[in-house]
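# Below are the sequence and a predicted model; questions follow.
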Amino acid sequence: MLPQHQPDRRIWLDGALVPWAEATVHVLSHSHARGSMVFDFMSVHETPRGAAIFRLPDHVDRFLTSVRLVGLPLRMGAEELASACKEAVRANPGAKVVKLQAFLPSIEIDVVPVDDHVAVAVAAFDPRADVLEKKQGPVPAVPKAVKIWLEKERKQRRPDIMHPHAKVAANYTSPMAAKWAARKRGYDEVLLVDEHGFVAEGPTTNFFLVDQGGVLRTPPDESVLLGVTRRSILALAEHAKIPFVEEPISIGALSGAAEAFLTGTTAGVWPIASVDDQALGGECPGPISRTLGQQFREVTAGKEPAFASWLHYVDE
Ligand code: PMP
């Protein structure tokens, strides 16, 4: 059961801050029944200037892309969405993340809704303290380096069905099945492949490897969600003069990698120890993963002036 009672938390719902327990949808709602809920997920950082949302406008842009790809007739624009996110963070001190959602709350029979009102919800909270610890007590430490299982059978990242650029609930059901199977086999995480059999991404992370020549490689735009962390890591690599390319990565290239890591809003830079039980490269994390991970943490903490514009303060 989810913790239904969070006396201190309020959720922004269609313009009003409602108590956490009241932010619910009906079991027959379109979003629940069809997986049509579009969302985005951002990190919040405490800084000397107060709470800041990391790359808020970029997340809102990606959210609007998902809304367009799914075809939801959302009537709110980027500025209103960004200010709703800031208001939700101000109303929920100590929040570590913001989840922005657009959904069809109406009870519908057909796949195309009769009532097309798109509701917007913004939840700002602390996933560990507000949800995980309340549900399961102490939360086990996240492994420092991840053991990966490669899902080779099902080509999950295909632009000809719902595009990987759409962050919509339904797009997470295949990765969920793959990750669940990987967990049962003793792996931490799963890597998905694209329609041509190239490595694509994790269920909620992007993928990078460092080849033996020290070049950072990540799959191209078409087959992955355009991760905000991915884009940030590429900018940090450029700043640090680490050469990088965005191009298809074959499964065979994994065994020759010097380093590999996953990136995401929750994961940050997450080193990969092995793929299908085969250890990757030498030391883990390798030097480039360590450098980029450290720089990313400094940027999000507001300690790196060159990237100060990536933090959006909620009180300013
Ligand atoms: N790929 C997928 C499919 C995701 O869901 C996420 C998480 N949003 C990512 C990659 C990483 O994106 P970001 O760095 O913006 O969190």
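Thanks, I have the structure now.

# so the residue in the stretch 1-150 of the chain positioned nearest to the ligand bridges to which residues?
Nearest residue of the stretch 1-150 of the chain to the ligand: Phe41, at 5.4 Å (Cβ to the nearest ligand atom). All C-beta atoms are positioned from the backbone trio N, CA, C, and that covers glycine. Beta-bridge pairing of Phe41 under DSSP bridges involves Lys99.

# What separation do you get for Pro219 and Leu209?
10 Å (Cβ to Cβ, to the nearest Å).

# same question, Ile272
With Cβ to Cβ as the criterion, Ile272 and Leu209 are 8 Å apart.

# Is the residue of the stretch 1-150 of the chain closest to the ligand in contact with Cys85, as I believe?
No. Here Phe41 lies out of contact with Cys85, judged by Cβ atoms under 8 Å, at a distance of 11.1 Å.

# anything in contact with each of those two?
Overlap of the contact sets of Phe41 and Cys85 (by Cβ atoms under 8 Å, 6 or more residues apart in numbering) consists of 98, 100.

# neighbour count winner among the two?
Cys85 (26 against 19; other Cβ atoms under 10 Å).

# Now do the contacts for Leu280.
Leu280 makes contacts with 254, 257, 259-260, 272-274, as judged by Cβ under 8 Å, 6+ apart.

# so of the residues you listed, which ones are in helices?
Among these, the ones falling in helices (DSSP state H) are Leu254.

# Give me the buried entries from the contacts of Leu280.
Buried members of the contacts of Leu280, counted by 16 or more other Cβ atoms under 10 Å: 254, 257, 259-260, 272-274.

# Make TSV from those and add distance to Ala169 to it.
Output for the buried ones among the contacts of Leu280, formatted as TSV (distance: Cβ to Cβ, whole Å):
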residue	distance to Ala169
Leu254	30
Ala257	32
Glu259	33
Ala260	28
Ile272	27
Ala273	30
Ser274	31
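
# filter those residues down to the ones close to the ligand.
Among the buried ones among the contacts of Leu280, not one lies near the ligand by Cβ under 6 Å from any ligand atom.

# Among these, which are located in strands?
In this view, the buried ones among the contacts of Leu280 that belong to strands under DSSP state E are 259-260, 272-274.

# picking that back up, let me know the closest of the buried ones among the contacts of Leu280 to His117.
Ile272 (43.0 Å; Cβ to Cβ).

# Distance-wise, check the nearest residue to the closest one once chain neighbours are set aside relative to Pro113.
Once flanking residues are discounted, Ile272 sits nearest to Ala260: 4.2 Å by Cβ to Cβ, 6 or more residues apart in numbering. Between Ala260 and Pro113 the computed distance is 42 Å (Cβ to Cβ).
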